Each structure stands twice: as C-alpha cells, then as structure tokens.
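A.B. asks: Build me a model:
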Amino acid sequence: MSTGTGIKDRIFVSMMTLMETKPFHEVKITELCGLAKISRSTFYVYFDSVYDVLQKIEDEFFNGLLGSESFLRSNEDVYWPERARGLSMVTALYLSKHRKTIQLLLGENGDKSFEARLTNRCRLIFNDLRPPKKTCSALEWKLRCEYSSCGLIGLLKWWCKYADDIAPDEWTILVHKCLSNPIFD
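C.D. replies: Numbers count the residues shown, from 1 in each chain. Sure, this is the predicted structure:
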C-alpha cells in the first residue's frame with residue numbers, strides 16, 4: 001500500500017509531467033489523477049486544487065534552497081569571502097540538481113509568480129552576505145544585491161532555454177563565477 005508521501009510524490013511527478021506540455025492552469029484534476037493512478041477523492045485528501053499542488057512543489061523547492069542559506073549561517077566563523085563563495089557554490093549546485101523543476105517553473109508553462117518569489121528569496125540570501133566590514137555603502141550593497149538577484153534570474157531563464165548546450169558541471173562553475181564577481185570583488 002502506498003504511503004502519503006508516495007502518493008504526494010506521484011502527484012508532484014504527474015503535475016511536472018503535464019506541465020511539460022501545457023500551462024499549469026490548464027491541468028485538470030481528472031488528468032492529474034489519471035496520470036498519478038489515484039482517485040479524485042484521494043487527490044483531495046492531500047490537495048485542494050492544481051494550484052495547491054504547484055504551490056507545494058514550489059515550497060519544496062524553496063525549502064531545499066533554504067538549505068543553501070543554512071550553509072551561510074552554519075559557517076559564520078569562516079572568513080567572509082570564503083563563506084560567501086562557498087554559499088554561491090552550494091546554491092549553484094542546488095540549482096543544477098533541480099534543473100528540471102526550475103525549467104518547468106520558470107518556463108512558459110510555469111507559474112509567473114514563481115519568478116518573483118525566487119527573486120525575493122535571492123535578494124534575502126544576498127543581503128545576508130553583507131561583509132562584516134563596511135567595504136561599501138548600504139546603498140551600494142543594496143544595488144549589488146539587486147544586480148546579483150536579477151542577474152541570477154536572468155541566468156536561470158537562459159539556462160531554461162539552452163540547458164542542453166551546457167553540461168551541469170560547467171553550468172555550476174559558471175553560475176558560481178557570475179555570482180561571485182559582482183558581490184565578492
């Protein structure tokens with residue numbers, strides 16, 4: 001017998017599969033249940049709607065991204081530039097590992113509000129990286145954070161389109177370099 005987690009995972013996978021061919025808001029619960037091989041009543045035990053499924057998928061993505069943020073907090077005694085560079089590498093690795101999810105959520109069939117949520121999360125992460133010494137003004141730091149956040153989103157959107165043109169390891173290194181340079185010079 002399937003566990004609740006197994007059923008949720010099947011629903012998540014089915015939702016992502018359907019989003020490969022149609023916008024999430026066009027996904028019908030009936031087709032989602034058919035693909036997940038569950039009844040509608042089972043679906044409603046776990047979710048209220050397809051929007052609820054998408055929200056949970058996004059929440060899981062962000063919860064994993066929080067693991068990258070915990071790296072920042074768990075290494076507070078490490079010299080600042082190395083801690084910041086380490087975070088950018090951990091974040092780039094997480095993004096690389098979740099490539100398919102990002103492609104679907106940021107792609108044409110994804111949730112447009114996901115981009116705004118991701119940009120805001122990136123702003124918070126970058127803002128937490130403010131160096132301990134005043135190496136720049138608060139305004140300059142805010143601009144660097146904005147530049148890096150929007151730049152990362154731009155890189156992710158590019159990656160959604162051209163992911164097959166670049167190996168995951170190469171992508172991780174390039175994102176790390178791009179994130180490191182504007183903030184950590």
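A.B. asks: rest of the way, CA atoms for contacts and neighbours
C.D. replies: Will do.
A.B. asks: before we move on, which element is the residue nearest the centre of the chain in?
C.D. replies: In the chain, the centroid-proximal residue (Cα atoms, centre = their mean) is Phe61; its distance is 5.3 Å. Per DSSP states H and E, Phe61 falls inside helix 50-74.
A.B. asks: So, low pLDDT: which residues of this structure?
C.D. replies: Along the chain, the parts satisfying pLDDT under 70 run over 1-4, 67-89, 130-134, 179-185.
A.B. asks: which residues touch the nearest residue to Met19 once chain neighbours are set aside?
C.D. replies: Leaving aside its sequence neighbours, Met19 sits nearest to Asn109 (Cα to Cα, 6 or more residues apart in numbering; 5.9 Å). Shown in contact with Asn109 (Cα atoms under 8 Å, 6 or more residues apart in numbering): Met19, Glu20, Thr21, Lys22, Pro23, Phe24.
A.B. asks: Among those, name the ones in helices.
C.D. replies: Of the positions in the contacts of Asn109, Met19 sit in helices, assigned by DSSP state H.
A.B. asks: By the neighbour-count criterion, which of the contacts of Asn109 qualify as buried?
C.D. replies: Neighbour counting over these (16 or more other Cα atoms under 10 Å) leaves Met19, Glu20, Pro23, Phe24 as the buried ones.
A.B. asks: export those residues to TSV and tack on distance to Phe43?
C.D. replies: TSV is the format used below for those (distance: Cα to Cα, whole Å):
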residue	distance to Phe43
Met19	18
Glu20	21
Pro23	20
Phe24	16
